[in-house]
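Enquirer: generate coordinates for the sequence data below:
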Amino acid sequence: VYRRTPGHRIPTLGQFYEHARALIALHGLKGKNLGDLDRATKVQGRGGTARDIATGPGDIFDMDSTEFNFELVASFDPTRRIGKPTVYLVVDRASSAILGVYLDCRPERWEGYRRALYCAFTPKDTMLQRVGLFEEFGNIWPLHAVPNGIFADRGPARSIAALQALCEELKLTKAAPPPHRPDLNAVVESLQGKLQKVLSRFPGGYRRTRDQRAKKRHSDSRWDAMFTEEDFLALLILAIHDHNADADVSRLLTPAMNRVKGVPQSIFKWGVKNSPVEHVRHVDHAALYAKLLPIVEDRAVTTKGIRYEKRYYNSTQLQQWRGRQKTSKPKTSIHIDADPRYVYWRPEPNEWSELVMRDQDQAALRHMRWTDVELYATRNAKQHINRAASSSKVKLLPRGAEEVLRKAAERQGDNPTPYKPAEQSVSTNRRLAALKQRSGQEADGREVMRGLTSKQPSTPAMPPKQPSKPTPPRLPGSAASIADLYKKRFTK
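Expert: As a prediction, the model looks like this:
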């Protein structure tokens, strides 16, 4: 006879875990060897490696992030520390080639994964030019493609809804491992550790080991820091190049890879060239950037336009579309970029249109841009800073940020003041560094989207071919190439 258990006798999930841990510790169950049956059903079926599920190079991309053990200084003021950066990596599972990277001075977030994916999907010429490597070495990172699937482990910063929307837009497959199973994302995890080990010998870097010299280097890393965000990104790209061009992965070669060198770069290029999937090789990079933008759905369209974050965005084309609908407040979706003055809308699946913020709403954004921050830093005037900050309706800079900029201005004046490490506020410095980074992203995003909204292609178009340039001398293919360049660029 079935008898229902009273509710007060049913343990909660927390009580169950607490008693289970106590029983495991009491009877030593955690250290017991598995029997033949348990081994056959639980362990033996897990044989193989994480690469086994990939059909070949370019099929599955893994992505992960970590807080790098490397102390940095701010590019706007090298005497200010900004702490450790968050580094996002995108890796091809079948070839171990690193295809995308993104550097952020803020904690792990979905925006970093999105930009790392865009880096993996598109050429790296612009990024190499920004950090000063293209003029000296040429295109040392010629790897990019759109895969068939994306593998991301679980975490608080992984936006499942955003990743699902991205995969549906690009027609990709999304996969995630079970909880507490980082071994299923082992390829990118191991490369994160490899890059940290390589860069730990430079000023500001360290390793978390029990060695006494490593502990001393860790304690001194904050005061040895000398690399800005741009310098560290250049150093990181060189370490990625050394891995892609020199790492021995000949074990990944297959009989079909005839005369292919056993390094990640060669294996990946062979895989993309011989892939049966067309979108792996040919994509419209501007449309790809737009499709990667975060989407906000079900926004009502009124006579004022679309309301987003207490501000209205409108255009003539949007109002014409509204007039053709059956309801007075039809709903549509918008895409959000770094520049808060613009959002983007799709009247048709392959058509993009920009919506501009109202003038009265733009007035509330005064003194919130990095150009205004630079203006503060170049004027040694306390009254100007206070007046500009009080005239803004939206408070952007945190408490103490005006003092940081005032100190920077004083050091640039006729009577520079001595620097005192105790005056630092790392959180404020990181906020200002993030503001400067966002300013560059606004300019890049506007340039891409302006070209996309002006041409409004009905079908995806191939980007124009770039004229061929003479190949400059490339990095020497050796493990010491990073150290050689470091001596050349960063030492006096």
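Enquirer: which stretches in the stretch 201-350 of the chain count as helices?
Expert: Secondary structure of the stretch 201-350 of the chain (DSSP state H, counting those that start in this stretch): helices located at 212-224, 229-246, 264-273, 285-291, 316-323.
Enquirer: Leu143: which of these is closest?
Expert: Among the helices of the stretch 201-350 of the chain, helix 264-273 comes nearest to Leu143, with 5.7 Å by CB to CB. C-beta coordinates here come from the backbone N, C-alpha and C atoms, glycine included.
Enquirer: list the helices and strands that closest one packs on?
Expert: The helices and strands touching helix 264-273, judged by 3 or more CB pairs under 8 Å, 6 or more residues apart in numbering; DSSP states H and E, are strand 86-92, helix 229-246.
Enquirer: report the buried residues of it.
Expert: Under the neighbour-count criterion of 16 or more other CB atoms under 10 Å, helix 264-273 has Pro264, Gln265, Ser266, Ile267, Phe268, Lys269, Trp270, Gly271, Val272 buried.
Enquirer: export the helices and strands packed on helix 264-273 to TSV and append columns for mean pLDDT, mean neighbour count and distance to Lys124.
Expert: Listed next are the helices and strands packed on helix 264-273 as TSV, based on pLDDT from 0 to 100; neighbours: other CB atoms under 10 Å; distance: least, CB to CB, whole Å:
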stretch	mean pLDDT	mean neighbour count	distance to Lys124
strand 86-92	94	25	12
helix 229-246	91	21	8
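Enquirer: if we can go back for a sec, and of the helices of the stretch 201-350 of the chain, who's closest to Ala434?
Expert: Closest approach to Ala434 among the helices of the stretch 201-350 of the chain (CB to CB): helix 229-246, 10.1 Å.
Enquirer: what angle separates that closest one from helix 264-273?
Expert: 80 degrees (axes from the mean of the first three to the mean of the last three CA atoms, to 10 degrees).
Enquirer: scan the helices and strands of this structure for the one with the lowest mean pLDDT.
Expert: helix 382-391 (a mean of 47; mean pLDDT, DSSP states H and E).
Enquirer: in the stretch 101-250 of the chain, which ranges drop under the pLDDT threshold?
Expert: 154-161, 175-184 (pLDDT under 70).
Enquirer: give me that answer again for 90
Expert: Residues of the stretch 101-250 of the chain that meet the criterion pLDDT under 90 lie in 105-114, 126, 130-140, 145-190, 193, 197-227.
Enquirer: touching, Met257 and Ile267? I think so.
Expert: Yes - using CB atoms under 8 Å, Met257 is in contact with Ile267, at 6.8 Å.
Enquirer: what about Arg431, neighbour count?
Expert: Residues near Arg431, counting by other CB atoms under 10 Å, number 19.
Enquirer: relative to helix 229-246, how tilted is the host helix or strand of it?
Expert: If you go by DSSP states H and E, Arg431 is part of helix 426-455. Calculated by the same axes, to 10 degrees, helix 426-455 forms an angle of 70 degrees with helix 229-246.
Enquirer: quick one: list the elements packing against helix 426-455.
Expert: Going by 3+ CB pairs under 8 Å, 6+ apart, helix 426-455 lies up against strand 81-83, helix 285-291, strand 342-345, strand 353-357, helix 370-377, helix 401-412.
Enquirer: how about a markdown table for the helices of the stretch 201-350 of the chain, with distance to Tyr17 added?
Expert: Converted to a markdown table, the helices of the stretch 201-350 of the chain look like this (distance: least, CB to CB, whole Å):
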| stretch | distance to Tyr17 |
| --- | --- |
| helix 212-224 | 35 |
| helix 229-246 | 40 |
| helix 264-273 | 42 |
| helix 285-291 | 42 |
| helix 316-323 | 53 |
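Enquirer: nearest to Arg299 among those helices would be which one?
Expert: For the helices of the stretch 201-350 of the chain, distance to Arg299 was read as CB to CB. The smallest value, 10.7 Å, belongs to helix 316-323.
Enquirer: put the alpha carbons of the closest one into PDB.
Expert: Taking Å, rounded to 0.1, in the frame of the first residue of the first chain, the C-alpha atoms of helix 316-323 are listed here in PDB:
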ATOM      1  CA  THR A 316      11.700  58.200 -40.700                       C
ATOM      2  CA  GLN A 317      11.800  54.600 -42.000                       C
ATOM      3  CA  LEU A 318      10.700  53.300 -38.600                       C
ATOM      4  CA  GLN A 319       7.600  55.600 -38.600                       C
ATOM      5  CA  GLN A 320       6.800  54.600 -42.200                       C
ATOM      6  CA  TRP A 321       6.900  50.900 -41.200                       C
ATOM      7  CA  ARG A 322       4.700  51.700 -38.200                       C
ATOM      8  CA  GLY A 323       2.100  53.300 -40.400                       C
END
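Enquirer: what helices and strands are in contact with it?
Expert: Short answer (3+ CB pairs under 8 Å, 6+ apart): helix 316-323 packs on strand 295-302, strand 305-308, strand 353-357.
Enquirer: re earlier: which of the helices and strands packed on helix 426-455 has the lowest average pLDDT?
Expert: Per-stretch mean pLDDT for the helices and strands packed on helix 426-455 is lowest at helix 401-412 (a mean of 52).
Enquirer: where does pLDDT dip in the stretch 351-492 of the chain?
Expert: In the stretch 351-492 of the chain (pLDDT under 90), the answer is 351, 359-492.
Enquirer: now do the SS call for Pro147.
Expert: coil (DSSP: H, G, I helix; E, B strand; the rest coil).
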